[in-house]
Structures are given as C-alpha cells and as structure tokens.
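Engineer: Sequence first, then the predicted structure:
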Amino acid sequence: MPSKQRKIAVMGYRSVGKSSLSIQFVEGQFVDSYDPTIENTFTKSTRVNSQDYELKLVDTAGQDEYSIFPSQYSIDVHGYVLVYSITSTKSFEVIKIIYDKLLDITGKVHVPIVLVGNKTDLHMERMISAEEGRKLAEDWNATFLEASAKQNTSVSDIFHTLLMEIEKADTKTNEKSNCSIS
Ligand SMILES: Nc1nc2c(ncn2[C@@H]2O[C@H](COP(=O)(O)OP(=O)(O)OP(=O)(O)O)[C@@H](O)[C@H]2O)c(=O)[nH]1
C-alpha cells in the first residue's frame with residue numbers, strides 16, 4: 001500500500017507543551033527550556049494499522065482568547081491536536097475558544113480532533129481533572145487523552161489516534177459521496 005500524506009496542526013494556549021509533544025514524537029527527546037514557537041513544521045514517517053503515513057506536523061504559535069484563527073490552518077489540514085495543560089485553567093478555557101473558531105472557519109460540523117491534557121507528571125499542580133477533559137471531548141465528539149511530553153506518556157498515542165480518526169472521517173465522506181438516490 002502506498003504511503004498516505006497527512007497534515008496535522010498542533011494548537012493551544014502558550015506554553016502548554018505543543019512543541020514538547022511534537023519534538024518528543026518526532027525526535028524522541030524532551031527539552032526543558034522554554035522557547036516560544038512562531039511556527040515549526042516536522043515530518044515523520046509512521047505506520048498505523050499496517051498503513052504507512054508521511055506525516056507533516058505543524059507546531060503552531062500559542063494562541064489566546066483574542067487571537068484570530070490563522071487561516072492557513074483551516075485548509076489542507078486533515079486533523080488537529082488541541083492541547084491544554086492540566087495545570088492551567090486558562091489553557092482549558094482557551095482551548096474551547098480555539099475549538100469554536102476552528103469549527104467556524106472550516107465550516108465543518110465534524111473535524112478530526114484529539115484533545116490532549118498535557119503535563120500529567122505535574123500532578124501536584126493539577127487544576128483540570130481528567131473527567132473535565134473527557135467531558136469536553138465528548139461534547140465535541142472528539143478523542144481525549146492525557147499525556148506527559150516530559151515522561152513520554154501517551155505521546156505517540158496522540159498522533160496515531162488522530163491518524164485513525166482522520167481515516168474514519170475519510171471513510172464516512174467516501175461512503176456519502178458513493179451514495180446515490182434511485
Ligand atoms: N513538567 C512538564 N513540563 C512540560 C511538559 N511539556 C512541556 N513542558 C514545559 O513547558 C514549557 C513550555 O513548553 P513548550 O513545548 O515550549 O510549549 P508550547 O505550547 O510549544 O509554547 P508556545 O510555543 O509558546 O506556544 C517548557 O518549559 C517545557 O519544558 C510536560 O509534559 N511536563
């Protein structure tokens with residue numbers, strides 16, 4: 001089977017660990033220093049369910065409640081990793097706003113999304129429970145995962161799950177377009 005090309009955008013509030021998750025997945029390392037991202041694109045080959053993928057990962061600049069959703073991330077992107085930090089109530093609020101803007105700009109009812117609560121290693125500083133995250137993802141009809149870029153917990157699951165979600169959405173669209181009225 002030929003390899004499929006997929007583009008994924010990682011979005012969320014500042015400093016939630018978007019770069020750290022991307023770098024952990026692509027390079028297998030964690031960098032402790034904080035360097036705000038403007039935009040970084042990574043490529044990685046990966047395999048899910050016997051299918052090879054050529055993945056383009058766009059690590060975006062941190063957004064806040066006032067940011068305009070960058071229009072370049074509304075086209076050509078197959079799925080989104082929406083990240084908040086379990087230690088930051090603000091980042092959880094901002095991810096809801098980003099989600100609303102994303103739906104608005106794509107004009108779609110359903111977009112493949114994995115909602116990620118990052119920094120689970122900082123359990124003493126936890127502000128958002130797993131239940132709250134799960135509930136939000138349920139409202140969105142998205143998949144929910146908690147992760148730690150630092151400890152490399154569930155990091156590859158995020159991207160593999162999203163690739164499966166994209167595949168599911170693709171199948172649904174194809175089924176619809178093959179549907180004829182007689
Ligand atoms: N303890 C802990 N720290 C983390 C984790 N992920 C990221 N960090 C730290 O959080 C800070 C911000 O991480 P980044 O990956 O740069 O965050 P970002 O979301 O890309 O930030 P912006 O580019 O500003 O939007 C850095 O100091 C990281 O080392 C994690 O899972 N656990």
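Structural biologist: Perfect, thanks for sending it. Residues are numbered from 1 along each chain as shown.

Engineer: end to end, how far does stretch 107-119 reach?
Structural biologist: End-to-end distance of stretch 107-119 (CA to CA, to the nearest Å): 31 Å.

Engineer: Counting neighbours, which bits of it end up buried?
Structural biologist: Buried residues in stretch 107-119, counted by 16 or more other CB atoms under 10 Å: 111-119. Every C-beta, even on glycine, is put in place using the N, C-alpha and C of the backbone.

Engineer: Same list, those, but only the ones touching the ligand.
Structural biologist: Of the residues in the buried residues of stretch 107-119, proximity to the ligand by CB under 6 Å from any ligand atom holds for 118-119.

Engineer: Closest one of the buried residues of stretch 107-119 to the ligand?
Structural biologist: Proximity to the ligand was ranked across the buried residues of stretch 107-119 by CB to the nearest ligand atom; first place goes to residue 119, at 4.0 Å.

Engineer: which residues does the closest residue in space to the closest one that isn't next to it in sequence bridge with?
Structural biologist: The shortest distance from residue 119 to any residue that is not its chain neighbour, by CB to CB, 6 or more residues apart in numbering, is 4.8 Å, and that residue is residue 85. Applying DSSP bridges to residue 85 gives these bridge partners: residue 118.

Engineer: Please give the element, helix or strand, for the residue minimising distance to the centre of the chain.
Structural biologist: Against the mean C-alpha coordinate of the chain, by CA atoms, centre = their mean, the closest residue is residue 81 at 0.3 Å. With the criterion set as DSSP states H and E, the secondary-structure element containing residue 81 is strand 79-85.

Engineer: what packs against that strand?
Structural biologist: Judged by 3 or more CB pairs under 8 Å, 6 or more residues apart in numbering; DSSP states H and E, strand 79-85 is in contact with strand 4-12, helix 18-27, helix 89-106, strand 113-118, helix 155-177.

Engineer: Can you pull the residues of this structure lying near the ligand?
Structural biologist: Counting by CB under 6 Å from any ligand atom, the residues of the chain that sit close to the ligand are 14-20, 32, 34, 36-37, 61-62, 118-119, 121-122, 148-150.

Engineer: can we see that at 8 Å?
Structural biologist: Where the chain comes near the ligand, counting by CB under 8 Å from any ligand atom, the residues are 10, 12-23, 30-37, 59-63, 83, 85, 118-122, 147-151.

Engineer: Using ChimeraX, define a selection of the buried residues within these.
Structural biologist: One line in ChimeraX is enough to select the buried ones among the residues of the chain next to the ligand; burial here means 16+ other CB under 10 Å:
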select :10,12,13,14,15,16,17,18,19,20,21,22,23,30,59,60,62,63,83,85,118,119,120,147,148,149,150
